[in-house]
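[1] compute the structure for the input listed below.
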Amino acid sequence: MTDSRRWLWLGSLLLLGWLVYQLHSVLSPFLVGMLLAYLGDPLVDRLERWGLSRAWGVILVFGLFGVILLALLLVALPMFGRQLLRLYELAPQMLDWLQHSALPWVQVKLGLPQGFWQLDKLKTVITSHLGQTTDIASALLTQVTASGLALLAWFGNLLLIPVVGFYLLRDWDLMVARLRGLLPRQREGFVVALVGECHEVLGAFLRGQLLVMLALGLIYAVGLMLVGLDLGLLIGLLAGLASIVPYMGFVVGFGAAVVAALFQFGGFELYPLIGVAAVFTVGQLLEGMWLTPMLVGDRIGLHPVAVIFAILAGGQLFGFTGVLLALPVAAIVMVLLRHAHDLYKLSDLYGKPVSGPDDPSSTA
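    Have a look, this model is predicted:
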């Protein structure tokens, strides 16, 4: 590649990054729609192999997505709201425990000065708002009314997601074929292989790890609710989301469940704690022996550190749009770095030095 072409590619990448930065506020519905199309394309392809047309396959897949979303709105959302309210009510007790038990222990162990924590103001604010649900709702309604234009824009973006996703999913194979037809003929095989590796990495994460997260969230939530934990659904979903990084879901969920059990059952009650431990043990065993081998397999995934850095960096640079772009970009960068590593190993720069007459190793 000549220097002029390299500068052209570099300028194109910089222009693309600038455009994404300038348009990130309107890109979110298109990126979510593209994500839905990417996730639904294998299902539509399978329905096509069974004899359905592409359009009917897309309609059935979107119908399935709609049923799942409706079930979540009708069943899970009210339960989730009640548990958030319960967490809000337990907050003063948690602050009391921190102030009178946990933080004094930390102070004694670390030799910190008296009163280094100041939780009284936070506790007063939370306690003063308990039972004032109507006042909170009125304040929220006032704020929403004051920003009605932003609310309409948010609903417009929300309604745009299924429209964009439907058309992208319907024309997905056609768009892929047209993009492949635009590739330079001499580089087509290399580019297709590179995109295939990126697809393998991204597919292993999105279609594999995200399904593992969903399954673990359901297992933890159902198990903790069967144990009798009031915040079981909330903690289970939190643990499932944290499972985007291996073992983080177990650490976060188990710690939160133990603390919630201590507050709810009043101290170190043996049976609730054993139940919490059993739920997370079963979840980890199912993940290691069944969920991950079946849903992810031995395909190459993203390193946990790469996942954390990509999400944080994307959110810092582009907000919610950056979070949506983070994992696909990280998958592509990882594949490119792997190829750059292979090229470096084959280059003269990495080659072994030639032993000369002044080389001490040559006279040894």
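[2] ok, now which ones touch the spatially most central residue of the chain?
    The residue lying closest to the centre of the chain (CA atoms, centre = their mean) is residue 244, at 5.7 Å. Contacts here follow CB atoms under 8 Å, 6 or more residues apart in numbering; on that basis residue 244 touches 209, 210, 213, 307, 311. Backbone N, C-alpha and C define where each C-beta goes, glycine included.
[3] next SSE downstream of the helix or strand the second one falls within?
    What that stands for is residue 210. Under the criterion of DSSP states H and E, residue 210 resides in helix 210-227. Downstream of helix 210-227, the first helix or strand assigned by DSSP H and E is helix 232-242.
[4] what separates the helix or strand that comes right after that next one from the chain centre, distance-wise?
    Going down the chain from helix 232-242, the next helix or strand is helix 248-265, by DSSP H and E. Offset of helix 248-265 from its chain centre (CA atoms, centre = their mean, to the nearest Å): 21 Å.
[5] buried stuff in helix 248-265?
    Under the neighbour-count criterion of 16 or more other CB atoms under 10 Å, helix 248-265 has 248-250, 252-254, 256-262, 264 buried.
[6] now do that helix and helix 210-227, the angle between them.
    20 degrees (axes from the mean of the first three to the mean of the last three CA atoms, to 10 degrees).
[7] pretty sure residue 325 contacts residue 20?
    Yes. Using CB atoms under 8 Å, residue 325 is in contact with residue 20, at 7.4 Å.
[8] and those two? which has more neighbours close in?
    Legend: neighbour count by other CB atoms under 10 Å for residue 325 and residue 20, higher for residue 325 (18 against 15).
[9] how near is that one to residue 317?
    9 Å (CB to CB, to the nearest Å).
[10] which stretches of the protein form strands?
    In chain order, the chain shows no strands, with DSSP state E as the criterion.
[11] one step back: can you lay out the buried residues of helix 248-265 as CSV showing pLDDT?
    Compiled in CSV, the buried residues of helix 248-265 are given as follows (pLDDT from 0 to 100):
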residue, pLDDT
248, 84
249, 87
250, 90
252, 90
253, 91
254, 93
256, 89
257, 90
258, 89
259, 84
260, 85
261, 86
262, 81
264, 79
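[12] shaky segments in the stretch 251-364 of the chain?
    Low-confidence segments of the stretch 251-364 of the chain (pLDDT under 70): 266-268, 296-302, 320-321, 352-364.
[13] can you pull out the helices in it?
    Taking DSSP state H, counting those that start in this stretch, the helices of the stretch 251-364 of the chain run over residues 270-286, 304-318, 320-346.
[14] how about the stretch 1-150 of the chain?
    Assigned by DSSP H, counting those that start in this stretch, the helices in the stretch 1-150 of the chain fall at 3-49, 54-71, 77-97, 103-110, 120-129, 133-146, 148-170.
[15] these into a markdown table, with extra columns for distance to residue 229 and mean pLDDT?
    Output for the helices of the stretch 1-150 of the chain, formatted as a markdown table (distance: least, CB to CB, whole Å; pLDDT from 0 to 100):
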| stretch | distance to residue 229 | mean pLDDT |
| --- | --- | --- |
| helix 3-49 | 32 | 82 |
| helix 54-71 | 23 | 87 |
| helix 77-97 | 10 | 75 |
| helix 103-110 | 25 | 71 |
| helix 120-129 | 21 | 56 |
| helix 133-146 | 23 | 50 |
| helix 148-170 | 32 | 78 |
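[16] stretch 319-329: which residues count as buried?
    Buried residues in stretch 319-329 (16+ other CB under 10 Å): 321, 322, 323, 324, 325, 326, 327, 328.
[17] closest to residue 47 out of these?
    Among the buried residues of stretch 319-329, residue 328 lies closest to residue 47 (CB to CB), at 24.9 Å.
[18] quick one on the thing from earlier: next, format the helices of the stretch 1-150 of the chain as TSV and append distance to residue 293.
    Formatted as TSV, the helices of the stretch 1-150 of the chain follow (distance: least, CB to CB, whole Å):
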stretch	distance to residue 293
helix 3-49	19
helix 54-71	24
helix 77-97	31
helix 103-110	42
helix 120-129	45
helix 133-146	46
helix 148-170	29
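[19] ok, which of those comes nearest residue 336?
    Short answer: helix 3-49, nearest of the helices of the stretch 1-150 of the chain by CB to CB, at 11.9 Å.
[20] quick revisit: for the helices of the stretch 251-364 of the chain, which one sits closest to residue 174?
    Checked against CB to CB, the stretch from those lying closest is helix 320-346, at 20.7 Å.
[21] tell me which other helices or strands that closest one touches.
    Here helix 320-346 touches helix 3-49, helix 188-203, helix 304-318, going by 3 or more CB pairs under 8 Å, 6 or more residues apart in numbering; DSSP states H and E.
[22] go through the helix holding residue 210 and flag the buried ones.
    Buried-residue list, helix 210-227, by 16+ other CB under 10 Å: 210-217, 219-221, 223-225, 227.
[23] which member of those residues is positioned nearest residue 271?
    Set against residue 271, the nearest of the buried residues of helix 210-227 by CB to CB is residue 227 (8.7 Å).
[24] count of neighbours near the closest residue to that closest one other than its chain neighbours?
    In this structure, residue 227 finds its nearest non-sequential neighbour in residue 275, 3.7 Å apart by CB to CB, 6 or more residues apart in numbering. Residues near residue 275, counting by other CB under 10 Å, number 18.
[25] how near is residue 275 to residue 257?
    9 Å.
[26] picking up where we left off before, so what's the residue nearest to residue 227 up against?
    Taking CB under 8 Å, 6+ apart, one finds 223, 226, 227, 228 in contact with residue 275.
[27] ok so, going back, need the residues touching each of residue 325 and residue 20.
    Common neighbours of residue 325 and residue 20, using CB under 8 Å, 6+ apart, are residue 318.
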